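**Q** coordinates only, no sequence provided:
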Ligand SMILES: Cc1cc2nc3c(=O)[nH]c(=O)nc-3n(C[C@H](O)[C@H](O)[C@H](O)COP(=O)(O)OP(=O)(O)OC[C@H]3O[C@@H](n4cnc5c(N)ncnc54)[C@H](O)[C@@H]3O)c2cc1C
């Protein structure tokens with residue numbers, strides 16, 4: 001382990017987002033001296049503002065969050081179960097359905113606001129004395145050689161460690177500095193997320209609706225998230241739409257917006273009303289050509305930046321951070337240098353195996369569901385019917401959500 005010095009650590013993590021924090025927490029009990037560098041202030045990490053994202057968690061993620069002491073920091077009334085999920089194509093009432101009743105579990109997964117996940121991750125890490133979080137600290141330049149990694153900060157300070165882990169978002173600057181190529185897929189679309197109340201109960205059922213130009217996801221929330229409403233009458237809404245329409249929809253007057261969503265959904269949830277802000281995100285997916293370079297590893301969105309339609313970005317990031325932490329633990333037990341290429345390559349191989357199908361499969365799904373040629377529309381509707389009758393396919397998707405134990 002590194003000698004005690006304020007500028008040298010065992011591991012430097014760039015980014016105190018959910019991936020960087022869960023990775024640091026995962027390794028905290030090894031006694032390694034870990035430094036997390038984050039440009040945002042600690043006050044924001046401790047109380048992150050709402051960002052409109054409600055994250056659908058799989059059972060594997062929930063189990064890992066419990067193990068890492070993150071779950072206990074989530075407010076119980078902000079955890080919403082998803083009992084079933086339905087996928088619709090256009091205005092047809094036919095749907096492809098997934099139900100927790102067939103899994104032996106009460107729910108397929110659950111929804112938690114992203115700001116609560118960020119807060120819980122921060123609180124779980126903060127108590128470890130061997131983990132230093134340097135806030136208001138921007139990384140300017142990363143480089144590595146055979147012996148160490150070096151990080152230059154905007155303050156002019158220079159830090160070193162045998163291993164640098166980048167969790168600095170899908171637009172990772174350190175990844176470019178380290179010369180790691182990425183495949184980028186710009187969908188030419190945006191996601192607009194918000195919360196709405198509705199007349200009819202959602203029954204804890206998530207709905208994904210694919211229309212000609214828009215997709216609309218309705219994610220069922222518990223009560224009291226923003227405003228007290230009747231039971232099961234509040235949902236998180238994710239609209240994806242062409243870039244050319246995004247600004248107008250963000251600025252659309254309240255009544256018109258409510259009506260637009262209501263009409264899109266037919267009468268599924270009755271009258272709808274926006275509560276709070278609308279938030280927008282460009283839809284750009286990113287896949288790094290490798291997750292490991294010399295004394296450098298990529299985790300979270302910096303490794304795999306998913307399109308949100310299949311709700312896998314955070315889940316994959318958490319699992320990937322755990323994979324890297326597991327390889328580092330193995331190296332420590334064998335007395336191997338934790339920044340050695342054998343350690344990092346094992347992680348990179350494993351995470352690639354786990355993510356490639358999800359990443360490319362999600363992009364292919366988005367392509368099919370945003371192609372509005374009549375033949376594709378017909379195939380789409382037919383595809384839902386066939387998939388609904390295919391037990392192995394439904395079993396695979398359900399298992400992705402409910403985890404290994406299902
Ligand atoms: C609309 C939407 C809905 C989503 N829904 C789901 C879902 O249902 N399920 C799911 O699993 N996932 C979902 N996701 C994905 C999920 O939100 C992300 O995968 C996750 O937040 C990524 O975490 P991260 O830590 O990798 O990156 P980030 O959250 O981007 O964090 C990166 C951190 O690095 C810091 N940073 C960057 N550069 C520097 C620098 N140079 N110096 C210092 N600090 C730096 C940033 O300030 C930031 O704090 C959704 C995403 C969107 C946009």
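**A** Structure received. Values in this document were obtained by computation on a predicted structure and should not be read as measured data.
**Q** number of nearby residues for residue 368?
**A** Residues near residue 368, counting by other C-beta atoms under 10 Å, number 14. Glycine gets a C-beta too; all of them are placed from N, C-alpha and C.
**Q** over to it. Which of the three states is it?
**A** helix (DSSP: H, G, I helix; E, B strand; the rest coil).
**Q** could you do residue 351 as well?
**A** helix.
**Q** and the residue nearest to it when sequence neighbours are not counted, what element?
**A** The spatially closest residue to residue 351, leaving aside those adjacent along the chain, is residue 320, at 4.7 Å (C-beta to C-beta, 6 or more residues apart in numbering). Counting by DSSP states H and E, the element that carries residue 320 is helix 313-334.
**Q** that helix and the ligand, are they touching?
**A** Yes. On the criterion C-beta under 6 Å from any ligand atom, helix 313-334 is in touch with the ligand at 313, 314, 315, 317.
**Q** thinking again about what came up before, which ones are touching the residue nearest to residue 351?
**A** Residue 320 is in contact with 19, 291, 299, 300, 303, 304, 351, 354, 355, counting by C-beta atoms under 8 Å, 6 or more residues apart in numbering.
**Q** buried ones among these?
**A** 19, 291, 299, 300, 303, 304, 351, 355 (16 or more other C-beta atoms under 10 Å).
**Q** adding pLDDT, write these out as CSV.
**A** Output for the buried ones among the contacts of residue 320, formatted as CSV (pLDDT from 0 to 100):
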residue, pLDDT
19, 98
291, 98
299, 98
300, 98
303, 98
304, 98
351, 98
355, 96
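**Q** taking those one by one, which sit in strands?
**A** If you go by DSSP state E, the buried ones among the contacts of residue 320 have residue 304 in strands.
**Q** out of the buried ones among the contacts of residue 320, which touch the ligand?
**A** The residues of the buried ones among the contacts of residue 320 that also fall near the ligand, by C-beta under 6 Å from any ligand atom, are 19, 300.
**Q** for the buried ones among the contacts of residue 320, which one is nearest residue 158?
**A** Checking the buried ones among the contacts of residue 320 against residue 158 by C-beta to C-beta gives residue 299 as the nearest, at 22.9 Å.
**Q** tell me if I'm right that the closest one and residue 23 touch.
**A** Yes. The pair residue 299 / residue 23 is scored as a contact, 5.7 Å apart, by C-beta atoms under 8 Å.
**Q** who touches both of the two?
**A** Going by C-beta under 8 Å, 6+ apart, residues that sit against residue 299 and also against residue 23 are 165, 167, 321, 324.
**Q** how about the secondary structure of residue 85?
**A** strand.
**Q** thinking it is in contact with residue 111, fair?
**A** No. Counting by C-beta under 8 Å, residue 85 does not reach residue 111; the two are 11.5 Å apart.
**Q** one step back: top of the residues of helix 313-334 next to the ligand by neighbour count?
**A** Ranked by neighbour count (other C-beta under 10 Å), those have residue 317 at the top, with 27 neighbours.
**Q** correct me if wrong: that one contacts residue 300.
**A** Yes. Between residue 317 and residue 300 there is a contact at 3.8 Å, judged by C-beta under 8 Å.
**Q** tell me, what's touching those two both at once?
**A** With contacts defined as C-beta under 8 Å, 6+ apart, the residues shared by residue 317 and residue 300 are 18, 19, 167.
**Q** okay, now the unreliable bits of this protein?
**A** 1-5, 90-95, 223-230, 369, 371-406 (pLDDT under 70).
**Q** get me the contact residues on it for the ligand.
**A** Residues of the chain lying near the ligand by C-beta under 6 Å from any ligand atom: 14-20, 37-40, 53, 55-56, 114, 138-139, 167-169, 173, 191, 193, 238, 281, 300-301, 308, 311-315, 317.
**Q** list only those of these flagged as buried.
**A** Listed as buried from those are 14-20, 37-40, 53, 55-56, 114, 139, 167-169, 173, 191, 193, 238, 281, 300-301, 308, 311-315, 317; burial here means 16+ other C-beta under 10 Å.
**Q** and residue 36, how far from residue 13?
**A** Noted for residue 36: a distance of 5 Å to residue 13, by C-beta to C-beta, to the nearest Å.
**Q** which neighbours do these two share?
**A** Contact with both residue 36 and residue 13 is made by residues 20, 24, according to C-beta under 8 Å, 6+ apart.
**Q** more neighbours, the two?
**A** Ranked by neighbour count (other C-beta under 10 Å), residue 36 and residue 13 place residue 13 first, with 30 against 27.
**Q** gap between the host helix or strand of the more buried one and the chain center?
**A** In this assignment (DSSP H and E), residue 13 forms part of strand 11-14. Taking C-alpha atoms, centre = their mean, to the nearest Å, one finds strand 11-14 lying 20 Å from the centre of the chain it belongs to.
**Q** for it, packing partners?
**A** On a contact count with 3 or more C-beta pairs under 8 Å, 6 or more residues apart in numbering; DSSP states H and E, strand 11-14 meets helix 18-27, strand 34-37, strand 149-153, strand 158-161, strand 163-166.
**Q** show me the contacts for residue 177.
**A** Residue 177 neighbours (C-beta under 8 Å, 6+ apart): 141, 142, 143.
**Q** go ahead and build a ChimeraX selection from the buried members of those.
**A** Selection of the buried residues among these in ChimeraX, burial being defined by 16+ other C-beta under 10 Å:
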select :142,143
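**Q** from the contacts of residue 177, which is closest to residue 77?
**A** residue 142 (40.9 Å).
**Q** what residues are bridge-paired with that closest one?
**A** Note on residue 142: beta-bridge partners residue 151, judged by DSSP bridges.
**Q** isn't it right up against residue 296?
**A** Yes. In this structure, residue 142 is within contact of residue 296 by C-beta under 8 Å, at 7.2 Å.
**Q** anything in contact with each of these two?
**A** Shared contacts of residue 142 and residue 296, defined by C-beta under 8 Å, 6+ apart, comprise 149, 164, 166, 174, 178.
**Q** which one among those residues gets closest to the ligand?
**A** Closest to the ligand out of the shared contacts of residue 142 and residue 296 is residue 174 (6.8 Å), distances taken as C-beta to the nearest ligand atom.
**Q** for residue 272, grab phi and psi.
**A** With angles defined as degrees, to the nearest 10, residue 272 sits at phi -120, psi 150.
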